[in-house]
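In: pasting the sequence and the predicted model now:
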Amino acid sequence: MRHIISILIENEAGALSRVSGLFSARGYNIESLTVAPTEDASLSRMTIVSIGSDEVIEQITKQLNKLIDVVKVVELSEAPHIERELMLVKVRATGKDREEMKRVADIFRGRIIDVTESSYVIELTGNGAKLDAFLAAIDASLVLETVRTGVCGVGRGDRILKA
Amino acid sequence: MQLTGAEIVIRCLQEEKVEFVFGYPGGSVLYIYDELFKQDQFKHILVRHEQAAVHAADAYSRSSQKVGVCMVTSGPGVTNAVTGIATAYMDSIPLVVITGQVPTAYIGQDAFQEADTVGITRPCVKHNFLVKDVKDLAVTLKKAFYLARTGRPGPVLVDIPKDITTHKCDFHYPKSIAMRSYNPVVKGHSGQIKKAVQLLLEAKRPMIYAGGGVILSDAADKLTKVTRMLGFPITQTLMGLGGYPATDGQSLGMLGMHGTYEANMAMQHCDVLLAVGARFDDRVIGNPAHFGQVARKIIHIDIDPSSISKRVKVDVPIVGNVPDVLDEIIKLLEAADGKPDAKGLASWWKQIDEWRGKNSLQYKQGSDLIMPQYVVEKLYEVTGGDAFVTSDVGQHQMWAAQYYKFDKPRRWINSGGLGTMGFGLPAAMGVRFANPKATVACVTGEASIQMCIQELSTCKQYRLPIKIVNLNNGYLGMVRQWQQMFHGNRYSESYVDALPDFVKLAEAYGHVGLKVEKPADVEPALREAFVKHKNELVFLDILTDPTANVFPMVAGGKGLSEMILAEDL
């Protein structure tokens, strides 16, 4: 089962390695991990996507809580939430592909943010499945580069993660 | 008044009422050692290897409940200390480890004696800090002591670059500290505790299983009270020995891989299990799937939520400080209308007594070869059962745990989690510093003792009258036992060739050495060591039966009730 875990952690040097070290030391899996400071610069917010049974995810949550720098941990995916990921795709855009690429990007509500004679950079946000669907919809041989941020997420409505 | 970082370190240790710092100087801690030289509020104990400094501080803590403190230099000082730190971490021992670091501007430059201390130690400390500003030094040390001793205890490391020890700032040592990210639970959930008491009173085949958490939280008295109020059988882990008097009839002894027959059978077949400060580890319950074959309700008290339902699913989890939760249980039991099920309990005890009848720790002592079990039994007699016993790791450790009946907590000092050979002798030093009048015995083997043998020199310097009981069978005994049982008698590299003459070795270090070769000489030699040479370190080199094995035994991956008994072979 895929789970999304959100963490508030003291914004100290080495905080990220405490978390990633915990995952590797205990053999937990990380699908993606994103981290950046919050509106309170002393805190960082981390979103981790992990695959595991409910028991494993429970252990992960407990082990994360045990890290001294961790202020709060929630499993985002156990209740209504929104998840988003940003992808930048550099594609070859020449001849007839140029128009086709623009059209597919529009359908996915992507934006072309860099244009050269032979290429586009397309910016796309959405959940992981949408980004995968976009890549499936275009000719794979035209893809020059893809960069994905990994998932970040937030609870819906009154679900708030704050220190 | 402004103080240098080095002065601040010393002042912080004084504020914490530290009695001893176990350590070894070096380049990056020179300023701290210089300040240490100018004071006499606490004493520095100079070891011969950094690993020993950590083990000694660790055992000082284990035998006294105080936080152990050690100090080493950067680079190799730290890497030598890592084994000690990991040992303390696995057994949840509160330590503050102060390490020197190269000057701030040199960090990351591959400087002389530089190591990424915070990185290397991160997986084996409760927390660690790199101090980057002298203004943070006092509060960081305060946090280190606070973190080490509260919640589930553990080692905390503070890495101090050399330049920080020369920088100056105002000194203020905070009286207390609050951290928004760290709030250990103390009281257990009252609803859960009520549920637990209800289950205990309804049990037909109850069992209490107590671990090192009882010792660490000083809950032995309360555990004893609860156990006696309920009249239930109790077993202890290797780390929990002494948490309930071993000589009491309700005690079934140690459980697990080398536990007694009755303890393991009762653990497997009970219907309600009260686990107190224990963590169901692989050496204790064997194969968790086999353990799960018998339906039983499990109540688990532990201060660390991550210990609960980690290997075994628990029905009533109680997160809290063990003595606080036991207090609540005692109150509820006193107020309860019901009593434990007397009829059920009587037939359960009948069953247990049948298992006990197997006498699973029996062995035969002939007239030629000394049995190691016999030595531990005689050690128990000669010391009146009241010694502090440290051990290394292997067969001798199991025999000490099985045959020395610990009635008091903090008397049995061993590396249970990490299983560190070389722990015993430096640990005995730490125990003696914490308990300056106590009888301290180090039960060891000829292989383990050589892993920190250099500390015989430290023992001489500080006149530590430790008694080393070396069960010398010429083998890495536990390795040989497994090779005999599971690897077709192929004794691959488990024979210790070219052993030193331990008597002469002890004498070379200025101690007394005694060699014992016959069963009849064991007791007189022990008396000579403990009575005649009371005030000296005595190295008893006791040649024991090289074929002796530790029984009962639950082989790796097997279930608790699938024991191999001595009589089966």
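Out: That came through fine.
In: how deep is B:Arg411 tucked in, by neighbour count?
Out: Residue crowding around B:Arg411 was assessed by other Cβ atoms under 10 Å in any protein chain shown; the count is 22. C-beta here means a position set from N, CA and C on the backbone, and glycine is covered the same way.
In: pretty sure it is in contact with B:Ala387, am I right?
Out: Yes: if you go by Cβ atoms under 8 Å, B:Arg411 and B:Ala387 touch, sitting 7.2 Å apart.
In: can you show me the strands along chain A?
Out: Secondary structure of chain A, counting by DSSP state E: strands at A:2-10, A:32-37, A:43-51, A:70-75, A:81-92, A:111-115, A:119-126, A:143-148, A:152-155.
In: list the pairing partners of the fifth one within its sheet, with orientation.
Out: If I follow you right, that is strand A:81-92. strand A:119-126 (antiparallel), strand A:143-148 (antiparallel), strand A:152-155 (antiparallel) (DSSP bridges).
In: over to the second one?
Out: Pairing partners of strand A:32-37, with direction, according to DSSP bridges: strand A:43-51 (antiparallel).
In: give the contact list for B:Arg311.
Out: By Cβ atoms under 8 Å, 6 or more residues apart in numbering or on different chains, the contact set of B:Arg311 is B:279-282, B:285, B:288.
In: tabulate the strands paired with strand A:81-92 (a markdown table), appending mean pLDDT.
Out: A markdown table is the format used below for the strands paired with strand A:81-92 (pLDDT from 0 to 100):
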| stretch | mean pLDDT |
| --- | --- |
| strand A:119-126 | 98 |
| strand A:143-148 | 97 |
| strand A:152-155 | 96 |
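In: okay if I get these as JSON lines plus distance to B:Glu567 and mean neighbour count?
Out: Shown next, in JSON lines, are these (distance: least, Cβ to Cβ, whole Å; neighbours: other Cβ atoms under 10 Å in any protein chain shown):
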{"stretch": "strand A:119-126", "distance to B:Glu567": "69", "mean neighbour count": "18"}
{"stretch": "strand A:143-148", "distance to B:Glu567": "64", "mean neighbour count": "13"}
{"stretch": "strand A:152-155", "distance to B:Glu567": "61", "mean neighbour count": "18"}
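In: can I get these in JSON lines including distance to B:Val125?
Out: Below are the strands paired with strand A:81-92 laid out as JSON lines (distance: least, Cβ to Cβ, whole Å):
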{"stretch": "strand A:119-126", "distance to B:Val125": "40"}
{"stretch": "strand A:143-148", "distance to B:Val125": "34"}
{"stretch": "strand A:152-155", "distance to B:Val125": "30"}
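In: kindly confirm my reading that B:Gln41 is in a strand.
Out: No: the assignment for B:Gln41, made by DSSP: H, G, I helix; E, B strand; the rest coil, is coil rather than a strand.
In: leaving out the residues flanking it, which one is nearest to it?
Out: Excluding the flanking residues, the one nearest B:Gln41 by Cβ to Cβ, 6 or more residues apart in numbering or on different chains is B:Gln14, at 4.8 Å.
In: with B:Pro123 instead?
Out: Here the residue nearest B:Pro123, using Cβ to Cβ, 6+ apart, is A:Ala25, at 5.1 Å.
In: residue contacts, A:Ala136?
Out: So A:Ala136 contacts nothing (Cβ under 8 Å, 6+ apart).
In: please disregard the earlier target; I meant B:Thr140.
Out: Contacts of B:Thr140 (Cβ under 8 Å, 6+ apart): B:129, B:131, B:158.
In: pLDDT below threshold where in the chain?
Out: With no chain named, the answer covers chain A. In the prediction, chain A carries no residues with pLDDT under 70.
In: ah, no, chain B please
Out: By pLDDT under 70, the weakly predicted segments of chain B are B:569.
In: residue 57: neighbour count?
Out: Went with chain A since none was named. Using other Cβ under 10 Å, A:Ile57 has 20 other residues around it.
In: chain B is the one I meant
Out: If you count neighbours by other Cβ under 10 Å, B:Ala57 ends up with 36.
In: surely it forms part of a strand?
Out: No: B:Ala57: not assigned to a strand; according to three-state DSSP it is helix.
In: ok, now how distant is it from chain A?
Out: 21 Å (Cβ to the nearest Cβ, to the nearest Å).
In: for that residue, which non-adjacent residue is closest in space?
Out: B:Ala57 sits nearest to B:Gly68 (Cβ to Cβ, 6+ apart), 3.3 Å away.
In: tell me which residues touch the nearest residue to A:Ala137 once chain neighbours are set aside, please.
Out: Nearest residue to A:Ala137, sequence neighbours excluded (Cβ to Cβ, 6+ apart): A:Val104, at 5.5 Å. Residues near A:Val104 by Cβ under 8 Å, 6+ apart: A:110, A:134, A:137-138.
In: from those residues, list the buried ones, please.
Out: Buried members of the contacts of A:Val104, counted by 16 or more other Cβ atoms under 10 Å in any protein chain shown: A:110, A:134, A:138.
In: export those to CSV and tack on distance to B:Ala266?
Out: Formatted as CSV, the buried ones among the contacts of A:Val104 follow (distance: Cβ to Cβ, whole Å):
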residue, distance to B:Ala266
A:Gly110, 66
A:Phe134, 62
A:Ile138, 66
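In: next step: these restricted to helices.
Out: Those of the buried ones among the contacts of A:Val104 mapping onto helices are A:Phe134, per DSSP state H.
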